[in-house]
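1. Predicted model follows, preceded by the sequence.
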Amino acid sequence: PASAWRRFGSSMRSECEVLVSSVLQCGSSPVFYDLFVEDVDGSLLPVPVRILNTVKDNKRPNLNSGSKDVVDDVLVRRFSLCDAVSGKDGGSQAYPGGAGFPSVVRWAAHAAIQVSVRPNTDGRIYMPVLSLAYADKRTDRLSEDDTIPVSFTAEYSMDPGNYWTVMTALLVLVILCILALAAFRVYLVERRYPSIPMPIGTIDPSLFAPKAVIQMLAFCSTVYSGLFWFHFVMALYWLITFKAQNVPHLLLPSALDGGQYEPHDVIMVIVFCFGAFTVSLGLWKQLRVFFFLVDWARQIPFQDSDSFFSPYESGANLFLGMLSAATSGGELQRLQCKHVVSVMRDAPRELDVTIDSWLKQGKNVLVHCSSGISRSPTLMMAFLMKVKQVSLRKAYHAVRTARPCVAPGTQFFQDLQRWERFLTGSESNTMSLEHYHACTVQSLLSPPGSSLSFEGCLAGVRQFGYATDFALLQAAQLAAEFPAEHDKTK
């Protein structure tokens with residue numbers, strides 16, 4: 001309804017198109033208005049009018065860019081809505097008796113009534129201000145069917161000075177907390193990604209994102225998340241407090257004075273920039289992910305060649321496999337195996353004696369873990385070293401020959417080294433950790449149907465190590481330079 005703007009706290013904006021003929025008819029006899037507001041005691045108080053087109057000393061004092069610019073405003077009390085008289089041609093003779101035709105029509109293209117709430121008062125307001133912006137057009141360029149735009153704005157606002165003071169202090173505190181959290185995350189990245197010096201004469205293949213990029217990503221993502229949620233909570237505060245009040249005592253800052261929403265705009269721009277940079281950096285980091293280690297371990301069908309020291313003196317066979325073989329009745333029936341050792345948890349004591357007893361009785365035995373790669377091969381090597389009294393080197397190559405995908409891992413292999421020293425009473429081992437790593441590199445990096453030189457893999461492990469993907473790449477590159485016929489894995 002037309003009177004909706006008078007409901008306190010209901011800011012609104014209305015736009016429409018008015019026929020030129022109606023403006024000319026209204027402007028032929030212009031009316032000047034005086035606007036008053038009725039106080040609670042029934043007295044009428046004049047409403048000041050701010051004409052935005054006012055020119056004074058070649059300046060426009062009523063065009064305010066901020067709330068403090070109102071001190072030099074030029075205010076009047078009387079205004080008109082349309083004027084088709086002052087623009088008539090013909091000089092002074094055109095005005096008496098309504099003679100002459102207007103060459104220019106002028107109208108109030110935009111009207112805005114501003115009502116500001118006085119702070120720390122129970123709904124009291126300052127004197128409202130009516131702002132008018134006039135527009136004009138030449139009539140020789142118009143026809144009777146043409147329309148002209150007209151808009152009306154009613155704004156109820158309050159001075160957010162105290163709010164911005166509190167928010168500034170809170171923002172400083174939040175920024176300090178965000179920077180502290182970001183610095184802590186950067187420190188965690190520093191701890192989790194230790195700097196590994198590049199060997200002399202080598203070039204970083206740049207397969208992975210540098211640590212500095214990961215630290216920058218952690219820093220920017222923390223700042224972005226903190227500022228986003230701070231701005232979100234502040235906006236939610238305005239929404240809840242403004243919409244939930246029955247009697248409007250808390251109003252939004254004015255949008256007509258300019259600059260009131262700049263802090264929100266600045267934070268939104270900063271949040272957007274940090275968000276865009278963080279997403280871009282995260283995408284770049286993900287694109288740098290290099291999947292190098294391919295597990296060539298495949299389930300190998302159980303055949304007679306999978307057995308160790310077959311046949312046993314009693315004709316029994318010892319098999320090594322994975323969980324799927326132990327849970328397959330058909331596979332166990334094919335192997336004629338009724339005794340299964342599951343290495344899913346710690347092995348019981350005297351297990352070697354039990355397995356040896358079964359084999360001596362002519363019973364086939366299957367030893368398995370989840371994948372048949374790490375735990376069960378380690379147990380098999382330890383069994384062969386004790387029962388068959390073979391060296392760690394021979395036990396490892398015997399198990400690896402039967403099942404090429406075995407990889408006990410550094411920790412288990414060191415346990416086997418300690419086991420060998422315990423059995424032999426010697427302080428040395430028949431197979432070094434470098435030898436094991438070289439065999440592992442050879443099995444990991446050799447595609448099916450081909451093999452890298454063991455001597456090359458051993459040289460690569462000795463020069464570059466084994467713990468990082470970069471070291472594996474360098475070891476593989478060096479191994480490719482060695483002829484495969486010099487392989488001395490045994």
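-> Ah, there it is.
2. where do the strands sit along the chain?
-> Here the chain has its strands, by DSSP state E, at 12-19, 32-34, 36-38, 44-46, 49-51, 75-76, 78-80, 82-83, 104-117, 129-138, 147-158, 318-321, 337-342, 364-368.
3. and the last one, what does it pack onto?
-> Spelled out, it's strand 364-368. On a contact count with 3 or more CB pairs under 8 Å, 6 or more residues apart in numbering; DSSP states H and E, strand 364-368 meets strand 318-321, helix 323-326, helix 329-335, strand 337-342, helix 351-360, helix 375-387. (C-beta placed from N, C-alpha, C; glycine too.)
4. what's the closest of the strands of the chain to W164?
-> Proximity to W164, assessed across those by CB to CB, is greatest for strand 147-158 (11.9 Å).
5. Strand 129-138 and that closest one, what's the angle between them?
-> Calculated by axes from the mean of the first three to the mean of the last three CA atoms, to 10 degrees, strand 147-158 forms an angle of 160 degrees with strand 129-138.
6. Would you mind putting the CA coordinates of strand 147-158 into PDB?
-> C-alpha atoms of strand 147-158 as PDB (Å, rounded to 0.1, in the frame of the first residue of the first chain):
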ATOM      1  CA  THR A 147       7.200   7.800 -19.900                       C
ATOM      2  CA  ILE A 148       9.700   9.000 -17.400                       C
ATOM      3  CA  PRO A 149      11.200   7.100 -14.400                       C
ATOM      4  CA  VAL A 150      10.200   8.000 -10.900                       C
ATOM      5  CA  SER A 151      11.400   6.300  -7.700                       C
ATOM      6  CA  PHE A 152      10.700   6.600  -4.000                       C
ATOM      7  CA  THR A 153      12.800   5.300  -1.100                       C
ATOM      8  CA  ALA A 154      12.000   5.200   2.600                       C
ATOM      9  CA  GLU A 155      14.800   4.300   4.900                       C
ATOM     10  CA  TYR A 156      14.900   3.800   8.600                       C
ATOM     11  CA  SER A 157      18.400   3.500  10.000                       C
ATOM     12  CA  MET A 158      20.600   4.100  13.000                       C
END
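7. buried sites along the longest helix seen in the chain?
-> Longest helix in the chain by number of residues, with DSSP state H as the criterion: helix 211-244. Of all the residues in helix 211-244, those buried under the rule 16 or more other CB atoms under 10 Å are 214-228, 230-231, 234.
8. circling back to that earlier point, now the helices and strands packed on strand 364-368 as JSON lines including mean neighbour count?
-> Output for these, formatted as JSON lines (neighbours: other CB atoms under 10 Å):
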{"stretch": "strand 318-321", "mean neighbour count": "25"}
{"stretch": "helix 323-326", "mean neighbour count": "18"}
{"stretch": "helix 329-335", "mean neighbour count": "13"}
{"stretch": "strand 337-342", "mean neighbour count": "17"}
{"stretch": "helix 351-360", "mean neighbour count": "16"}
{"stretch": "helix 375-387", "mean neighbour count": "23"}
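9. of these, which approaches E15 most closely?
-> Using CB to CB, the helices and strands packed on strand 364-368 put helix 323-326 closest to E15, at 73.8 Å.
10. What are the contacting residues of that closest one?
-> Contact with helix 323-326 is made by 299, 302, 319, 331-332, 340, 342, 344, 366, 368-372, as judged by CB atoms under 8 Å, 6 or more residues apart in numbering.
11. of all those residues, which two lie farthest apart?
-> F302 and M344 (19.1 Å).
12. Break this structure down into its domains, please.
-> If you go by automatic domain parsing, the domain ranges for the chain are 4-158, 162-287, 291-421, 432-490.
13. Where among these is average confidence lowest?
-> When these are compared on mean pLDDT, domain 432-490 scores lowest, with a mean of 64.
14. on that earlier part again, what is the longest helix of the chain packed up against?
-> helix 161-192, helix 262-287.
15. and the end-to-end length of stretch 44-63?
-> 28 Å (CA to CA, to the nearest Å).
16. Not counting it itself, show me its contacts.
-> The contact list for stretch 44-63 (CB under 8 Å, 6+ apart) reads 34-39, 72-79, 110, 127-134.
17. So for F302 and M344, which sits in the more crowded spot?
-> Neighbours per residue (other CB atoms under 10 Å) separate F302 from M344, with F302 holding more: 20 against 12.
18. one step back: wait, which of the helices and strands packed on helix 211-244 is closest to N429?
-> Here helix 161-192 is closest among the helices and strands packed on helix 211-244 (CB to CB), at 32.6 Å.
19. Much appreciated, bye for now.
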